[in-house]
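Q: got a sequence here, can you build the structure:
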Amino acid sequence: MEEAEDVLPAACAWLESDGLGDVARSVHASVVRFGENGDNDDDDDDDDINADECASSDALSALARGGNEQGTSAAGQHWQLAVAFPALFAAHRLVVRGKGNDAERALQLADRCEILGTSLRAHRAVVALAESALPDESDTGADDSDTFPERLPVADPTADEHPRLDRIPEQSDAMSVAAFHNRTQTSDRPFVLRGATFAKAEASTAPLVNLTRLRGGAIGARVVPVELGQKEGEQGGSTTMTLRELVDNYLVPSIHADSAVVNSPENGATRPPDVPPDSHRVAYLAQHALFAQCPLLARGLEAPPYVGVHLVKSVNAWIGTRHTVTALHSDADDNLLVQLRGFKYVVLFAPHEAPNLYAGVHPRAASAGDDGAGVGMFSPVRVEKYDADVHANFAQARGQHAVLGPGDALYIPRGWFHYVRSMSTSISLNYWWM
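A: Now for the predicted structure:
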């Protein structure tokens, strides 16, 4: 138990300071009991580290249920901490035990605590210990042939004139920072930066876009939230998996499918339509603060100079297979979407089109009593497959569209509705700034 003396008091003291002494004592007693039962380092059986058993002890289960449904109990408000702390403690024990794949398992336990929404001072310490026991990267798994397409593998939906969608205006990557700043401050119109040199420079050195580095070592062991199936179609749901599993089971097969289409003898001047596959082949790490979770992935990446003059609010990673879909919505902040690898189709609508988009507060925000003012709005319209009987007014909406390729960036002003579909395996970053 001595190795965990820097971990256990951190959570208990936090609970005590919030007037939750009983909670602290329950956590302390359960963790001590766990440590006494799982401290046999001579036993090769992995059952001696069982965070699930510890977290589901009678005291913690009762605590997790206490007042949670009504949201009135102070203990109920901290149920996530009560359930996650034993898992974090188990992660610490795994690291100090140092057997086999213990460091990877420790990272994964710590990540699941963070995904659960628990923030402990001990979390970063456990992650740092586990990362120090693993190589940053690995040279096994994905190989040099697993590269993202440089050519659009399917038909370009913007190639022909559209009755209701104009092409998004374009600027060259030679646009100065001052010109960008002036344009975004004086106009609320979107535009595309084609072949932005900053995006190419980021992509050339970053582990984020090298699948061998993304799946290896401490990076590949990290657990991330992933959406399965097409989001618009309500298929598949959400899960968690390691970056290694995302690369091996989804991204690499998707890249091979992209390559098969691009290199097909039939794919000449006329490219095939973009036909969705079965939902189980579609996976999306969507709007995730990946660099905050795994700073190793930020190597070689810097904020684009255009947003460097602003206060960056957050940076999100979007990594997925072909056919991922982000449903039509708006955000409360200005947005720069940077396409690092692959291709995406984007459709935009101005804020005044909200009535034709049947836009309102997102159902999840509404159920939480949020008016949506700080998070934007949501539209239930399926942009490329809308139901004319249910959403008849959508036929009146006028918008803009574009295909983004490697090195392109799109400025989306706050309040503008956007729909995004991946036309190939894809990696993007978006920068929100205030």
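Q: all contacts plus neighbour counts: C-alpha atoms, from now on.
A: OK.
Q: ramachandran angles for residue 110?
A: Dihedral angles phi and psi of residue 110 (degrees, to the nearest 10) take the values phi -60, psi -40.
Q: same question, residue 183
A: Torsion angles, degrees, to the nearest 10, at residue 183: phi -70, psi -40.
Q: quick one: it from residue 314, how far?
A: Between residue 183 and residue 314 the distance, using CA to CA, to the nearest Å, works out to 22 Å.
Q: likewise residue 106?
A: As judged by CA to CA, residue 106 and residue 314 stand 27 Å apart.
Q: more crowded one of the two?
A: residue 106 (29 against 15; other CA atoms under 10 Å).
Q: in a helix, the more buried one, correct?
A: Yes: judged by DSSP: H, G, I helix; E, B strand; the rest coil, residue 106 forms part of a helix.
Q: that one and residue 126: what is the separation?
A: According to CA to CA, residue 106 and residue 126 sit 8 Å apart.
Q: what of residue 163?
A: As defined by CA to CA, residue 163 lies at a distance of 56 Å from residue 126.
Q: ok, residue 295 next?
A: Look at residue 295 and residue 126: by CA to CA, they are 15 Å apart.
Q: the spatially closest residue to residue 347 that is not a sequence neighbour in helix, strand or coil?
A: In space, and not counting its chain neighbours, residue 347 is closest to residue 401: 4.3 Å by CA to CA, 6 or more residues apart in numbering. Secondary structure state of residue 401, per three-state DSSP, is strand.
Q: what's the burial count for residue 401?
A: By other CA under 10 Å, the residues close to residue 401 number 22.
Q: and it, bridged to which residues?
A: Taking DSSP bridges, one obtains residue 167, residue 347 as the residues bridged to residue 401.
Q: distance of it from residue 417?
A: 11 Å.
Q: now residue 196
A: Using CA to CA, which is the criterion applied here, residue 196 is 23 Å from residue 417.
Q: more neighbours: the two, which one.
A: Summary of the neighbour comparison: residue 196 and residue 417, criterion other CA under 10 Å, with residue 417 having more neighbours (27 against 21).
Q: show the pLDDT at the more buried one.
A: Here the pLDDT value assigned to residue 417 is 97.
Q: quick one: contacts for the closest residue to it other than its chain neighbours?
A: Closest residue to residue 417 apart from its sequence neighbours, by CA to CA, 6+ apart: residue 330 at 4.3 Å. Residues in contact with residue 330, defined by CA atoms under 8 Å, 6 or more residues apart in numbering, are 376, 377, 378, 414, 415, 416, 417, 418.
Q: mind checking the SS state of the nearest residue to the first one once chain neighbours are set aside?
A: Spelled out, that is residue 376. Setting aside the residues directly before and after it, residue 376 is nearest to residue 331 in space (CA to CA, 6+ apart), at 4.2 Å. The three-state label given to residue 331 by three-state DSSP is coil.
Q: could you do the one 5 residues further on as well?
A: Classification of residue 336 by three-state DSSP places it in strand.
Q: neighbours around it, how many?
A: Counted with other CA under 10 Å, the neighbours of residue 336 add up to 23.
Q: contacting residues for residue 414?
A: For residue 414, the contacting residues are 188, 330, 331, 332, 333, 334, 335, taking CA under 8 Å, 6+ apart as the criterion.
Q: and of these, the nearest to residue 424?
A: The nearest member of the contacts of residue 414 to residue 424, counting by CA to CA, is residue 335 at 22.1 Å.
Q: go ahead and confirm the closest one touches residue 417.
A: No: counting by CA atoms under 8 Å, residue 335 sits too far from residue 417 to count as a contact (11.4 Å).
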